[in-house]
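Peer 1: Okay, structure incoming, though there's no sequence with it:
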């Protein structure tokens, strides 16, 4: 009896399926796999079993103690922790493995530090051009965090500094040469706008706060300038060496993670850098 074309094709598919199935069995895969006749696709059957064959997932928190506690609870021999300096976050990879025996690196715990309310307010304030009232109100609202100094580097009370800011006036003076000072800027070669205040203005102030939850208090130094190119003066405060401070925050963050790991007898690498699966 001869076979028609469709029957021969079915026999070929059955033989191919058998060969592929034997290949999967011989490969000793960790996952239960099967070959589906339709297109000979390999299908993972793990989702149809009662339990997963291995634990994997991503735990996420913004609390350092919870991160450390979870890492300690799930401790593995081949863990590796990476601290992202730009995002102030850390990811602990439990099944990282090693060069010779790499893991799947899909079982992780992620810690992302939140900016404190004080630091958020400072970042919104710094670098912004503000009218006298808004500038003074910020200093009054955060009085407990602020310490002021005058042009001579001497400390001045916050009340005196706020009073001087509120009483700034601008006067026009005729001049024949170009000049720029801390609190004056040229409008033209013959006319300049000078700042007068009943009390001496603060030249700078420090804003003390913890930048991120869990990090120590940092003292942010801000320099004050007055813009006199308009009818009403505008004030601006800039954070000195802010980028350098951010790098220091990342190093502090890394050291805190390392110290807490040691205290909890978690002995595995901590690296400052990004980690991406490929």
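Peer 2: Alright, I've got the coordinates. Values in this document were obtained by computation on a predicted structure and should not be read as measured data.
Peer 1: low-scoring stretches of the stretch 51-200 of the chain, by residue?
Peer 2: Residue ranges of the stretch 51-200 of the chain with pLDDT under 70: 170-199.
Peer 1: show me where it has helices.
Peer 2: Ranges of helices in the stretch 51-200 of the chain, per DSSP state H, counting those that start in this stretch, are 64-73, 117-125, 132-141, 158-166.
Peer 1: Of these, which is nearest residue 220?
Peer 2: Closest to residue 220 of those, according to C-beta to C-beta: helix 117-125, at 6.3 Å. For the C-beta atoms, the positions are set from N, CA and C on the backbone; glycine is no exception.
Peer 1: Not counting the closest one itself, show me its contacts.
Peer 2: 115, 138, 141-142, 145, 207, 209-212, 220, 237, 239 (C-beta atoms under 8 Å, 6 or more residues apart in numbering).
Peer 1: Can you list the buried residues in it?
Peer 2: Going by neighbour count (16 or more other C-beta atoms under 10 Å), the buried part of helix 117-125 is 118-119, 121-122, 125.
Peer 1: quick check, nearest of those to residue 277?
Peer 2: Using C-beta to C-beta, the buried residues of helix 117-125 come closest to residue 277 at residue 119, 31.2 Å.
Peer 1: got TSV for the buried residues of helix 117-125, with distance to residue 254 too?
Peer 2: Shown next, in TSV, are those (distance: C-beta to C-beta, whole Å):
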residue	distance to residue 254
118	23
119	19
121	26
122	23
125	28
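Peer 1: out of the residues you listed, which one sits closest to residue 164?
Peer 2: residue 125 (18.1 Å).
Peer 1: all strands for the stretch 101-250 of the chain, in order.
Peer 2: For the stretch 101-250 of the chain, the strands defined by DSSP state E, counting those that start in this stretch cover 107-112, 130-131, 146-149, 155-156, 169-174, 184-186, 191-196, 204-209, 218-227, 234-239.
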